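**Q** Sequence isn't available, so here's the structure alone:
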C-alpha cells in the first residue's frame with residue numbers, strides 16, 4: 001500500500017543534513033557488549049563470532065570478537081588504526097591516520113578503516129552541509145544522495161556517498177569510491193531503532209570489494225554516551241609482532257607520504273600481502 005514518505009524529494013542539502021543530524025543530536029559515543037559478527041572471505045565458509053563494539057567521537061573505535069578458534073580486533077585511537085585476526089597474519093597491522101589514504105593504493109591485507117568515515121556510519125559525528133551536494137537517487141524517487149569529493153594526499157580524490165531512504169527517512173548506505181568510481185567500502189545500514197532518543201542501526205554490513213570480503217555486525221542492547229576508559233583505545237598487546245604498514249609501503253616503493261600515486265606500480269603488479277618490519281610496541 002502507498003505510504004507517504006517521511007522526506008520530500010525537494011529538500012535542499014542544508015535541510016537534509018539538519019534532519020539527519022537531529023536523529024543523533026547529542027550522541028558522542030555508544031557501545032554494545034552483545035555484538036554478533038559474521039565474516040565472509042573468498043573461498044572460506046562464513047565465520048561467526050561474538051564480542052563488543054564501542055565508538056567515541058572524534059575517531060575512537062574498537063571492535064573485538066572471537067569464538068573457539070578465531071579472533072578479530074579492529075580499532076582506532078587518536079593517533080593510529082589497527083587490525084588483527086586469528087587465524088591470519090601473526091601480527092597486529094597498524095598505521096597512522098595520515099597514512100590511511102596511501103595504504104588504499106596498495107593491497108596490504110587490511111580492510112578499509114577510516115575513523116572519520118566510521119564515525120559517520122556509527123552516528124557519533126554530525127554531517128557538515130558544506131561538504132555535500134544533494135541529488136536524486138536512481139531508485140524511482142525513493143532516495144536522496146549526499147555526495148562529497150575529498151582530495152587525497154596521493155593526488156587522487158575520493159567520493160563519499162550517503163544514500164537516504166525517503167520513505168522512512170533513514171540512512172541506508174554509506175559508500176566510498178576512488179577516482180575511477182571503484183567502490184572501496186560500503187556500509188549497509190538497517191533495523192534502525194531509537195536508543196535514548198538516538199536513532200542507531202542494529203545491523204551494519206561492511207563490504208570490502210577489493211578484498212572480496214564482508215563483515216556483518218548485529219547489535220542487541222546499545223548503551224548511549226557511556227563512560228569509556230582510555231585503556232579501551234590501546235593497541236592490542238598479546239606478545240605478538242606489531243608492524244607499521246605505512247612504513248612497509250615507503251620502504252618497498254621508496255616514496256614519501258604525500259607524493260602522487262604514480263610512484264606506485266600498477267594495481268595488478270602489486271602483491272596482495274606485505275612482509276612488514278617490526279613496529280615499536282611502545283609507539284601507541
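**A** Structure's in. What do you need? These figures come from a predicted structure and were not determined experimentally.

**Q** tally of neighbours for the closest residue to residue 111 other than its chain neighbours?
**A** Distances taken as C-beta to C-beta, 6 or more residues apart in numbering place residue 208 nearest to residue 111, at 5.1 Å, with adjacent residues excluded. C-beta: built from backbone N, CA, C; applies to glycine. Number of residues near residue 208 (other C-beta atoms under 10 Å) recorded here: 18.

**Q** repeat for the one 10 residues further on
**A** Residue 218 is flanked by 18 other residues according to other C-beta under 10 Å.

**Q** tell me the mean pLDDT for stretch 144-153?
**A** What stretch 144-153 shows for mean pLDDT is 86.

**Q** Sketch out the low-pLDDT regions of this structure for me.
**A** Across the chain, the ranges flagged by pLDDT under 70 are 1-3, 104-109, 139-141, 152-155, 254-284.

**Q** Which elements pack onto the helix ranked longest in it?
**A** Counting residues, the longest helix in the chain under DSSP state H turns out to be helix 13-23. Helix 13-23 sits against strand 133-136, strand 143-150, with contacts defined as 3 or more C-beta pairs under 8 Å, 6 or more residues apart in numbering; DSSP states H and E.

**Q** Dump those into TSV; add mean neighbour count and distance to residue 80 as well.
**A** Formatted as TSV, the helices and strands packed on helix 13-23 follow (neighbours: other C-beta atoms under 10 Å; distance: least, C-beta to C-beta, whole Å):
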stretch	mean neighbour count	distance to residue 80
strand 133-136	14	32
strand 143-150	18	21
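
**Q** Can you lay out the ones you listed as CSV showing distance to residue 181?
**A** What follows is the helices and strands packed on helix 13-23, written out as CSV (distance: least, C-beta to C-beta, whole Å):
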stretch, distance to residue 181
strand 133-136, 15
strand 143-150, 12
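
**Q** what's the closest of the ones you listed to residue 124?
**A** strand 143-150 (17.6 Å; C-beta to C-beta).

**Q** So what touches the next helix or strand after that closest one?
**A** Counting by DSSP states H and E, the next helix or strand C-terminal to strand 143-150 is strand 158-165. Here strand 158-165 makes contact (C-beta atoms under 8 Å, 6 or more residues apart in numbering) with 7, 16, 20, 101, 117, 120, 127, 132, 137, 142-150, 152, 170-179, 181, 184.

**Q** Also stretch 50-60?
**A** 28-37, 61-67, 72, 76-78, 97, 115-116, 118-119, 122, 124-125, 217, 219, 228, 232-233.

**Q** Show me what counts as buried in it.
**A** Of all the residues in stretch 50-60, those buried under the rule 16 or more other C-beta atoms under 10 Å are 51, 53, 54, 55, 56, 59, 60.

**Q** Likewise for stretch 210-229?
**A** Going by 16+ other C-beta under 10 Å, stretch 210-229 has these buried residues: 210, 211, 214, 215, 216, 217, 218, 219, 222, 224, 228.

**Q** Apart from its neighbours in sequence, what residue is nearest the spatially most central residue of the chain?
**A** Nearest to the mean C-alpha position of the chain, counting by C-alpha atoms, centre = their mean, stands residue 118 at 4.1 Å. With C-beta to C-beta, 6+ apart as the criterion, residue 118 has its nearest non-adjacent residue at 5.3 Å, and that residue is residue 61.
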